[in-house]
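K.L.:
How does the following fold in three dimensions:
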Amino acid sequence: MNEESAPRRVNSLEDRNAIVESALDEAIRRGDFDDLPGLGKPLSGLHSSQDPDWWIKAKMDHEDMSGVAPAAFQLRKENAVLEETLDVFTKESDVRTYLAGFNDRVRAAVMDLREGPPVFTPPRKVEHEIAAWHRRRAAKSDPPPAPTAGQGEERVQPRRWWRRKRN
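P.N.:
Model prediction:
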């Protein structure tokens, strides 16, 4: 291999700067930087924050990104709204599947010792959560009993499993 075809070695900082400057000048001549979004606008948040990661947090807010927090934080957030999440499901099998996945994520996060804060979110007891889900569904679907005439106390009719809700 002759010296003319060999790539040129960059030995100093000045050589690197010269290569970068020439590449930028060439890109400007081609028009690669014309019509970029935000052209001529100042960067927001550049001088107003002491947080070194302000730019990535702003990008995440702008892109509406979530789910990139450490597992301990994600699980704590998911655990806080677990009942509301389960109440969306209409079938018990879906609730069981979701709870199994939640418990798997908790166990995996507890076993992952690589990084992040410790996980304090406990796995949920599936049968206990299923029973609570049934109670919440029954409370939402049963209308309050009407008071009987002449009696001071209310009679609560038991919910029968064969009684179906009709739309």
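K.L.:
all contacts plus neighbour counts: C-alpha atoms, from now on.
P.N.:
Noted.
K.L.:
Pull out the buried positions in the helix or strand bottoming out on mean pLDDT in the chain.
P.N.:
Least confident helix or strand, the chain: helix 54-63 with a mean of 74, by mean pLDDT, DSSP states H and E. For helix 54-63, burial by neighbour count (16 or more other CA atoms under 10 Å) applies to no residue.
K.L.:
from the middle of its chain, how far away would that helix be?
P.N.:
Distance of helix 54-63 from the chain centroid (CA atoms, centre = their mean, to the nearest Å) equals 14 Å.
K.L.:
CA atoms only for that helix, dumped as PDB, please.
P.N.:
The C-alpha coordinates for helix 54-63 follow below in PDB (Å, rounded to 0.1, in the frame of the first residue of the first chain):
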ATOM      1  CA  TRP A  54     -31.900  19.700  31.900                       C
ATOM      2  CA  TRP A  55     -31.700  19.100  28.100                       C
ATOM      3  CA  ILE A  56     -32.600  15.400  28.300                       C
ATOM      4  CA  LYS A  57     -35.500  16.100  30.700                       C
ATOM      5  CA  ALA A  58     -36.800  18.800  28.400                       C
ATOM      6  CA  LYS A  59     -36.600  16.400  25.400                       C
ATOM      7  CA  MET A  60     -38.500  13.700  27.400                       C
ATOM      8  CA  ASP A  61     -41.200  16.300  28.300                       C
ATOM      9  CA  HIS A  62     -41.400  17.500  24.700                       C
ATOM     10  CA  GLU A  63     -41.600  14.000  23.200                       C
END
